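>>> Sequence isn't available, so here's the structure alone:
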């Protein structure tokens, strides 16, 4: 029995070490990508923002290795120049993340150039977890590129008479609202219909994971195709390395 416990202890220690090593490797790597700090186990929650109070619980770096593999793949798709241009300075890994008491899988904090990611949220769906990283990052990117909320040129692409938010309230990050449902021409899901910035972020996120349903919808939805063209053109103007070659690599990396 003692020998069995020694074996168990050995494997637990090995798992802890692997997680720590991966975190330390990524921490060093992203310090070189515009000085982005990765944070685990030491965030002083709660954090008060203009939009409300961000709450969460810390997770030790030894307990996030599985999520880090996903993060490394998805965030690794971005050129270092793009990360730098967004102004991102910190990525905080945590659990039980919320803002104003509403659970969130991710919170982009433009005031402090911080991205909060809940490592326990959406564990039933890897696709959802991948998309939410890109959605939240795009919110910071959108703000940094000075398009931000109320992009009139984007709004003009929609069908006449459409108004964002007119379909009723949608909880930000609601996993059901984020499912591809094509509720109206030009929209991937109901979350996208809640606000201009959410519409853009949802298209960006689904492009970044090369979502099959999105690709199929693009064949027949002219408004959606126009939005994708505008998003890609705007991104390329904002960050030179994010042109056609960037999207070609994204397709290969999904």
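Arrived safely. Note that the coordinates shown come from a computational prediction; the quantities given were computed from them, not determined experimentally.
>>> Please tell me how far the closest residue to residue 30 other than its chain neighbours sits from residue 234.
Once flanking residues are discounted, residue 30 sits nearest to residue 36: 4.2 Å by CB to CB, 6 or more residues apart in numbering. C-betas here are computed from N, CA, C, even on glycine. Distance from residue 36 to residue 234, counting by CB to CB, to the nearest Å: 23 Å.
>>> which neighbours does the longest strand seen in the chain have in its sheet, and in what orientation?
Taking DSSP state E as the criterion, the chain has its longest strand at strand 90-99. When pairing is defined by DSSP bridges, strand 90-99 lines up against strand 37-40 (parallel), strand 52-58 (antiparallel), strand 102-103 (antiparallel), strand 114-118 (parallel).
>>> any idea which of those strands is most buried?
Comparing these on average neighbours per residue, with mean count of other CB atoms under 10 Å, the densest one is strand 114-118 at a mean of 25.
>>> So which residues of the stretch 101-250 of the chain form helices?
126-144, 152-155, 196-208, 212-220, 222-238, 244-253 (DSSP state H, counting those that start in this stretch).
>>> Dump those helices to JSON lines, plus mean neighbour count, distance to residue 96 and mean pLDDT.
Listed next are those as JSON lines, based on neighbours: other CB atoms under 10 Å; distance: least, CB to CB, whole Å; pLDDT from 0 to 100:
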{"stretch": "helix 126-144", "mean neighbour count": "22", "distance to residue 96": "15", "mean pLDDT": "96"}
{"stretch": "helix 152-155", "mean neighbour count": "12", "distance to residue 96": "34", "mean pLDDT": "94"}
{"stretch": "helix 196-208", "mean neighbour count": "24", "distance to residue 96": "23", "mean pLDDT": "97"}
{"stretch": "helix 212-220", "mean neighbour count": "14", "distance to residue 96": "30", "mean pLDDT": "97"}
{"stretch": "helix 222-238", "mean neighbour count": "16", "distance to residue 96": "32", "mean pLDDT": "97"}
{"stretch": "helix 244-253", "mean neighbour count": "12", "distance to residue 96": "31", "mean pLDDT": "94"}
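>>> where does the stretch 51-200 of the chain have low pLDDT?
Along the stretch 51-200 of the chain, segments meeting pLDDT under 70 span 147-149, 167-175.
>>> mind redoing it with 50?
Within the stretch 51-200 of the chain, the segments meeting pLDDT under 50 span 169.
>>> Pipe the helices of the stretch 101-250 of the chain into JSON lines and attach distance to residue 42 per row.
Below are the helices of the stretch 101-250 of the chain laid out as JSON lines (distance: least, CB to CB, whole Å):
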{"stretch": "helix 126-144", "distance to residue 42": "21"}
{"stretch": "helix 152-155", "distance to residue 42": "38"}
{"stretch": "helix 196-208", "distance to residue 42": "28"}
{"stretch": "helix 212-220", "distance to residue 42": "37"}
{"stretch": "helix 222-238", "distance to residue 42": "32"}
{"stretch": "helix 244-253", "distance to residue 42": "31"}
